[in-house]
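S.K.: Model the following, please.
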Amino acid sequence: MIGLKQAAVALLLSEVALLTNAFAFGPPNLQTALTKPSPSALRVATEPDIGEEASTDDSPIKIVKSEGGFKNIMACNRAEIAVRIMRAATELNAGTVAIYDNEDRYSQHKWFADRAYMLDRTPDATPISSYLDIPQIIEVAKKANVDAIHPGYGFLSESPEFAQACEDADIAFVGPTVENLNTFSDKTSARAAAIAAGVPVVPGSDGALKNAEEVTEFVESIGLPVIIK
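M.R.: Numbering: from 1, shown residues only. Okay, here's the model as predicted:
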């Protein structure tokens, strides 16, 4: 009969064996993503100044630049969304750049990136406002020599102003064109475009409703239920 210590060691070894087998038989790209060492596991990070890179120069990770396509891709988002973008970029052999607010300084997406830059904001601004600061994001992208920005979803992903700012800075916006965003980022103009193209739409108002009286009048004319966007 073995003791508790020996049993614990045996259990640990069996778990390691299972994980080893899982990596060995997984797809090659999945093995790379799962086994890529995280900078946070390799060094004790020091917080950079605002807008400065969270350096990982002492990391043994070597970035293999893609021969064609994008060289450095910024994930203009946070948390799980940004991590997914960077995983895809890594599979394309592109360098990855993250941005983060002070409240996200311990977030996974900061450490998953090859380089990370902290955003600035006024003391009375919310943490989310940093991820909506178009001029600052473009400035960081230029500093990081980014040639493409992926906005993820939410935040600036449907902003024609952001897509235009990327275009003006000669940075690729991974998403719709500025023209498409101008048409479809607004629900009212998107509905008008669909009607003009002969696409069936659910019954709704002809345009944006400006006040409670117009909403009441519309509901009384069409009946319930209704969706207000």
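
S.K.: Tell me the first helix or strand C-terminal of the least confident helix or strand in the chain by mean pLDDT.
M.R.: Sorting the helices and strands of the chain by mean pLDDT, DSSP states H and E puts helix 39-42 at the bottom, at a mean of 33. Per DSSP states H and E, the first helix or strand lying C-terminal to helix 39-42 is strand 72-75.

S.K.: Give the partner strands of that next one in its sheet and their orientations.
M.R.: Strand pairing for strand 72-75, determined by DSSP bridges: strand 95-100 (parallel), strand 148-150 (parallel).

S.K.: Backbone dihedrals for the closest residue in space to residue 69 that isn't next to it in sequence, please?
M.R.: Excluding the flanking residues, the one nearest residue 69 by C-beta to C-beta, 6 or more residues apart in numbering is residue 92, at 6.5 Å. C-beta coordinates here come from the backbone N, C-alpha and C atoms, glycine included. Note on residue 92: backbone dihedrals following degrees, to the nearest 10 are phi -90, psi 10.

S.K.: so where's the protein uncertain?
M.R.: 1-68 (pLDDT under 70).

S.K.: and with 80 instead?
M.R.: 1-68, 185, 229 (pLDDT under 80).

S.K.: ranges for the helices of it?
M.R.: Counting by DSSP state H, residue ranges of the helices within the chain are 4-25, 28-35, 39-42, 79-91, 108-112, 127-130, 134-143, 160-168, 178-184, 187-196, 212-222.

S.K.: What about the residue nearest to residue 69, how many residues nearby?
M.R.: Residue 92: 11 surrounding residues under other C-beta atoms under 10 Å.

S.K.: got the end-to-end distance for stretch 172-185?
M.R.: 19 Å (C-alpha to C-alpha, to the nearest Å).

S.K.: ok, and what's touching it?
M.R.: 70, 73, 147-151, 157-160, 162-164, 166-167, 189-190, 193 (C-beta atoms under 8 Å, 6 or more residues apart in numbering).

S.K.: Please report how far residue 140 lies from residue 201.
M.R.: Distance, residue 140 to residue 201, using C-beta to C-beta, to the nearest Å: 40 Å.

S.K.: Looking at these two, which is more packed in?
M.R.: residue 140 (22 against 10).

S.K.: beta partners for the closest residue to the more buried one other than its chain neighbours?
M.R.: Spatial nearest neighbour of residue 140, chain neighbours left out: residue 117 (4.8 Å); criterion: C-beta to C-beta, 6+ apart. Counting by DSSP bridges, residue 117 is bridged to residue 53, residue 99.

S.K.: Residue 117 is in contact with residue 144, isn't it?
M.R.: Yes - under the criterion of C-beta atoms under 8 Å, residue 117 makes contact with residue 144 at 6.6 Å.

S.K.: Pick out whichever of these two has more residues nearby.
M.R.: More crowded of residue 117 and residue 144, by other C-beta under 10 Å: residue 117, with 24 against 19.
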